[in-house]
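# with the sequence up front, the predicted model follows.
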Amino acid sequence: MLRHLIALIAGSFFGAGLFVSGMTDTTKVQGWLDVFGNWDPTLAFVMGGAMIPMALAWLVRARRQTSLIGTPLPPKPSTKIDKNLIIGSVMFGMGWGLVGLCPGPSIASLTYGGAGLYAFLAAMITGMVVAPFVRSRLDRLVPAE
């Protein structure tokens, strides 16, 4: 029960932070990506504001195996740059640039996003369901290095 309460509180803070920072405003996000037009550099501060605490969290993680409530902490992510990372990054970036949303802000926008948001969510969920099937087929065609 405590774990779910902490997840609810953390998720609420995350969603509120996305809203306050403008990450749920698709025009602001697309303005960040429009470096040759009407560029809006303010989201660089949002990214920096996310990366700094995460770097500190990984430093703490290096000394701990469990969270304060006793659940195991995730392992450090791989630093390997491979085809899956590159393809996934390109696909994520294309979706982010076309729509101006990624999964977190799209969930945070559920109450006011309109029909376009629901179309994006349907496409995102479809992609999440289909991706493992496509990945297994591609791995059979082109084995990993």
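In hand now; what should we look at? Residues are numbered from 1 along each chain as shown.

# C-alpha from now on. contacts and neighbour counts both.
Will do.

# which residues does the helix or strand bottoming out on mean pLDDT in the chain contact?
Taking mean pLDDT, DSSP states H and E as the measure, the chain has helix 103-108 as its least confident helix or strand, at a mean of 82. Identification of contacts with helix 103-108 by C-alpha atoms under 8 Å, 6 or more residues apart in numbering yields 15-16, 18-19, 23-24, 113, 117, 121, 124.

# quick check: buried residues in that helix?
105-108 (16 or more other C-alpha atoms under 10 Å).

# following the chain onward from that helix, which element is next?
Stepping forward along the backbone from helix 103-108, the first helix or strand reached (DSSP states H and E) is helix 114-141.

# name the helices or strands packed onto that following helix?
With contacts taken as 3 or more C-alpha pairs under 8 Å, 6 or more residues apart in numbering; DSSP states H and E, helix 114-141 sits against helix 103-108.

# chain center to the helix it packs on, what's the gap?
Averaging C-alpha positions (C-alpha atoms, centre = their mean, to the nearest Å) puts helix 103-108 8 Å from its chain's average.

# which residues are in contact with the helix or strand that contains residue 10?
Counting by DSSP H and E, the element that carries residue 10 is helix 2-21. Residues outside helix 2-21 that contact it (C-alpha under 8 Å, 6+ apart) are 24-25, 43, 46, 69, 104-105, 108.
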